[in-house]
Structure formats: C-alpha cells, structure tokens
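Peer 1: test case, fold it:
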Amino acid sequence: MSKHLLSNIHNPLDLRLLKEDQLPQIAQELRQFIIDVVSVKEGHLGASLGVVELTIALHYVFNTPEDLLVWDVGHQAYGHKILTERREIFHTNRQIGGISGFPKRSESIYDAFGVGHSSTSISAALGMAIASQLKGDLEKQHIAVIGDASIASGMAFEGLNHAGVTDANLLVILNDNAIGIDPSVGALKQYLTAVKEGKNPKKNNMIKSLNFDYSGPIDGHDLPTLIKELNRLKKIKGPKFLHVVTTKGKGLQQAEENQVKYHAPGKFDASTGEIHLKSEEDLPPKYQDVFGLTLLDLAKKNKKIIGITPAMPSGSSLKFMMDEIPERAFDVGIAEQHAVTLAAGMATQGMIVYCNIYSTFLQRAYDQVIHDVALQNLPVIFCLDRAGLVGEDGATHHGVFDIAYLRAIPNMIIYAPINEIALQNILYTAQLGLNHPIAIRYPRGRGVLPNWEVANFGHYEEIKIGEANCLKTGSKIAVLSTGTIGNNVITALNESGNPETIAHYDFSFIKPLDDKLLTDIFSDFNTIFTIEDGTINGGFGSSVLEFSAANNFTNKVIVLGIPDSFIEHGTVLQLQQLCKIDVKSLVNLFSNH
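Peer 2: Predicted coordinates:
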C-alpha cells in the first residue's frame, strides 16, 4: 500500500483531488480508523462499516456541503463525520463536550439535517429540494440515504408518496442490508429480497410505480460502479431511487457474522474483533431483562397476554417471548404508530397487550396513544424502556418527556417502579385486569438488586393503584421521588447519616397521585422536594405543585429534575450531575437544609 492517504483528507475537497483508483485505499483506511476508535471509545460500529464505500462515493461525486446529504437515523454517519473536518476530534464521539453520535446541524455545515430517529430523511430532503426549486436553484442536489428497516416506516412512505408527484431534484438511496438494529421484518423486506435475488419481475417494481427513476440493485461495496451510477443520476432531473446492497459490519469478520451484537458492541479488540466481556457476576439485572423474563413467565400462565415491539426485540428483551411463544409476540418493524393502534385493536377483543416502546420513540405515536387507546379507555399496557437520561445517545434518545406528555391524557395511569421488584409486580398487576391504559416507565441499564431473579422471580404481589409509600420518616423536610431516581435519594440520605429531619416518599404512581398521602405530607412538612428523571416542565413535580395550589397549601416546594433544555450526550452520571440530581448534588442539598 502506498503512503497513508486518510491523514491528508480534511474535507471532501481533498477527497475530490484523488484519482478514482486511490479511493479503495481510502475505504480501507477509513474502515480501520472507525474500528480503531470505536473499539476503544465505544459507539455504533456495524452501520458505519457497511456504508464506507457509499460515503466516499457520495462525497466524491457530489459537491457537499452545497449539495445536501441527509442520513436517515445517522448510526451510519461515522465515515461521513471523519471525511467532513471531524477526523481529529472523532475520538470525542458521544462523550460529554465532544461530537454527537448522530448528524447535527449545529455541529457541521456538512450535517444538512439533524437525525437520530428513523424515517425522516426522505421528507427532509424533499423539503430541501422543493425549497431549492422555489429559490430558482435547479442544479443543487438533494440526497437521502435510508436503510431498508427505516424505509418500511409509515413516514418514509408518506415522503415517497409526495415526492412521486413532484419534479423535485431528489435522490433516495436505499442502503439495503436486511437489518436495522435487529433483522428487518415484514412484506417490504420480502419484496426487497426478491428484487435482490432477481425473482421479482421488472414490471412489478413498486418504486417505479411511484414515479421514481429506479436503478439497481447494485453492489454498495463496488466503488467504480457506485461512482459511475451516481454520476449518471446526477444529470437526471426529478425524483430518483437507487437501490444499493451492502453488508452491515463490512470489513470486520465478527461484525459481518453477528450483526446484532456488533451494532454497538462496546469495547473490543480492534485486530481480532473480540468483544471485551465485562464480568456480569453479582451485578443487578438490566431492567429490560426484568421486563422480558417477567412477561414470558406471565404469558406462559395467561394465554391472553400478547407482546408487541416496534423493531426492538433485543433492546427491549421481548426476544425472550418471541423465541418461546412466537405466535403471541410481534416485532412490527419501525412502526410505532402501527404498534400502538395494533395493540388497541387487540385490546378491543379482550387480549392483554404489553406494547413495549422506548420512551423517546413513543413520542412518534402520540396521537395513537390519545385517539386510539386513551379516548376509548382501552387497557393497553405501555412498557416504556429507556425512560429518563439514556447517556451517550444524547438529546435524540433521552426519555425525559414521557411523564409530561402522558400526564395530560385522560384515563392514563402512569407508574415508575423504584426497583426490579416493583417493575415485576406492576407487570403482574396490569394483567389482572385494569380499567384503564397504563404506562410503566423504567430506565436503560441495570437495577439495584443483584440477586433479583433468585430471590423474587415468580413471586408476585398485586400493587394497589394510586398508592405511594413512605420509605423513611422525618420531622421537617419531605423528599418525594418517582421511579428509579429514588435510589439516588436513598443513597444520598444514607451518606448524609440518614438525618431524622428528612423523610422520603416513593410516588411510583404519578397518575393517579396519592392525594390522601399528599394531604398528610403538606400538613406535616414545611419544605417539600420533588425529584424525577424527567423534564420539570409539566412533570411529576408540576403535578405536586398543582395539587398544592388546588388545595391552598403554602408550603415551599422545590422541584428537581431535567431543566427546560435539550440535554447533550455523556454518561448517565455526568448528565445527572449536569441536572443536579446525582447522589453528590443531593447530599449537598440535604446537608444545607
């Protein structure tokens, strides 16, 4: 191999100075650079390795940043970031104060649109293309790169449907690797597989029938073919669609062979690909596993139980049930709106439906929660994984708005367990028969009880709806927590010597609130703190303030939680420190009162 080329590429202008036959070397170096950094710093791996050649070809052929390039979701944009003036700071990826793990407009002129959730790229790029037309700029190119899992989502179809009746200068590139985070599912995946295998007659092309100039499928790792085809498409006006076939994890054998695990593998050996296993001995379980194992156990005993997840069977641990009872566990693909209304339809027929969606993704189905579930008072059980601060994924993925956006909805019960036992018991209670929908929110990561499964698994207790608990008595100050952030309060009080002046109450039920206990608390304590790992605007603390105002109490109420700003990426502890809800901040707070 000739001298190192990547170190001289600061932006795409430098890339375009190279001869085309030098680009395979750039691809090799770029792949290695991503592997070297992600193996140490962690992050999303497989997606970016799969689009190395496509990324190089796009920046080589198109005049970025003047030509606008939109990456769907953005898991796959590491190569893009490295080629666009961020190579030297790429090691700060996903770290506090460092660059974001996703494209972000405020970070770079090359990031044409901020992303993180799927299926937005076609609509955004079409909006840009129509705006360019209106401004009289008919030469500007607008490119959306979308994966086969994302294009199956309703919003992508809405964008395709509109684009097909415009003459917008839009190029949609389908990066088809048959996997999102978990393998893609559904009839569209089967159609694309048939196209790739040459089993689908040309006249049956559904993309062509939407008025797109369709080409492909072509090999997404063949740089000369990619460059030739992109140069051809650049000259064609109107909506165009290029079907590119890639391998997720390309260039690292283990990542190609185990695409689910190597989506975001954690630390690994850059030369062998071996993942550095952390000892899981004596560690508490992940909340997602408490959910998954409990649901499987309940479903074995109750034939009416159904599990639904939109494309997150591994992340939500619904996979346990999908493996053992596949006829009652459904992965519906990246389709949160459909997941919620499907659950509603099943609930009308007497099924007990656990709809497991990450908190940040339920935002995408807000109308369905209101119109299809709560308005009809259907007892769908929403299990909101990744509630609260999620860490390195940052602002697009923090589940900090769910309390506020769900609390406004009539008929909705909202519950946040303080630990694994509470989560297990509310999952049990929900299937005994509720008269309302319920949202159960729990965080990413591990619980607090190392021997949870041995000590408690299968031993269920019914929880009384709307009841709060006193965890510690006190004489002057009451701390009201909801959910697992209550463990920070427990630890902080412990470290402060458990002052007899401070009481601690666990308000697992955010709605309905325990008004009776609140009345006693407001009667007994002058100062009341509320703490939550959600936004303080409209959250649990707000509900306590509303109670106080409605009942003419004049106690001092101090609300702790996530401030009214989008919180960046960093470790959960760093972000809790930023929001002053970490143990140390609470110790300081308690010692000053």
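Peer 1: from here on, contacts and neighbour counts on C-alpha atoms
Peer 2: OK.
Peer 1: quick check: which ranges of the stretch 1-150 of the chain have low pLDDT?
Peer 2: Segments of the stretch 1-150 of the chain classed as low confidence (criterion: pLDDT under 70) are 1-2.
Peer 1: hey, where'd the strands end up in it?
Peer 2: Assigned by DSSP state E, counting those that start in this stretch, the stretch 1-150 of the chain shows strands spanning 68-71, 142-147.
Peer 1: CSV for these, including distance to residue 447?
Peer 2: What follows is these, written out as CSV (distance: least, Cα to Cα, whole Å):
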stretch, distance to residue 447
strand 68-71, 34
strand 142-147, 33
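Peer 1: now those strands as JSON lines including distance to residue 559 and mean neighbour count?
Peer 2: Below are those laid out as JSON lines (distance: least, Cα to Cα, whole Å; neighbours: other Cα atoms under 10 Å):
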{"stretch": "strand 68-71", "distance to residue 559": "38", "mean neighbour count": "25"}
{"stretch": "strand 142-147", "distance to residue 559": "41", "mean neighbour count": "26"}
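Peer 1: residues in contact with residue 207?
Peer 2: By Cα atoms under 8 Å, 6 or more residues apart in numbering, the contact set of residue 207 is 214, 241.
Peer 1: phi first, then psi, for it.
Peer 2: phi -70, psi -40 (degrees, to the nearest 10).
Peer 1: longest strand in this structure, please.
Peer 2: Ranked by residue count and defined by DSSP state E, the top strand of the chain is strand 527-535.
Peer 1: tell me which strands and helices that one is in contact with?
Peer 2: Helices and strands touching strand 527-535, by 3 or more Cα pairs under 8 Å, 6 or more residues apart in numbering; DSSP states H and E, are helix 402-407, strand 477-481, helix 540-550, strand 556-562.
Peer 1: so after the last one, what's the next helix or strand?
Peer 2: Next along the chain after strand 556-562, taking DSSP states H and E as the criterion, comes helix 572-579.
Peer 1: which strands or helices does that following helix pack on?
Peer 2: Against helix 572-579 (3+ Cα pairs under 8 Å, 6+ apart) you get no helix or strand.
Peer 1: where's the helix or strand just after it relative to the chain centroid, distance-wise?
Peer 2: With elements assigned by DSSP H and E, the helix or strand that comes after helix 572-579 is helix 583-591. Put simply, helix 583-591 sits 31 Å off its chain's centre (Cα atoms, centre = their mean, to the nearest Å).
Peer 1: now do stretch 112-125
Peer 2: Using Cα atoms, centre = their mean, the offset of stretch 112-125 from its chain centre is 14 Å.
Peer 1: please apply the same query to stretch 216-231.
Peer 2: 31 Å.
Peer 1: got the CA coordinates for that stretch in CSV?
Peer 2: Taking Å, rounded to 0.1, in the frame of the first residue of the first chain, the C-alpha atoms of stretch 216-231 are listed here in CSV:
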residue,chain,number,x,y,z
GLY,A,216,-30.3,-1.1,-9.1
PRO,A,217,-29.8,-3.2,-7.1
ILE,A,218,-26.0,-2.5,-7.3
ASP,A,219,-23.2,-3.6,-5.1
GLY,A,220,-22.6,-1.0,-2.4
HIS,A,221,-19.0,-2.1,-1.9
ASP,A,222,-18.0,-1.7,-5.6
LEU,A,223,-16.6,1.9,-5.7
PRO,A,224,-16.3,2.2,-9.6
THR,A,225,-19.9,1.0,-10.1
LEU,A,226,-21.2,3.3,-7.3
ILE,A,227,-19.3,6.4,-8.8
LYS,A,228,-20.4,5.7,-12.3
GLU,A,229,-24.1,5.3,-11.3
LEU,A,230,-24.1,8.4,-9.0
ASN,A,231,-22.5,10.5,-11.9
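Peer 1: in that stretch, which residues are buried?
Peer 2: 217-221, 223, 226-227, 229-231 (16 or more other Cα atoms under 10 Å).
Peer 1: quick one: buried residues of stretch 38-50?
Peer 2: In stretch 38-50, counting by 16+ other Cα under 10 Å, buried: 38-39, 41-50.
Peer 1: can you tell me which of those are in helices?
Peer 2: 38-39, 41, 46-50 (DSSP state H).
Peer 1: quick revisit: report the angle between the longest strand of the chain and helix 540-550.
Peer 2: 140 degrees (axes from the mean of the first three to the mean of the last three Cα atoms, to 10 degrees).
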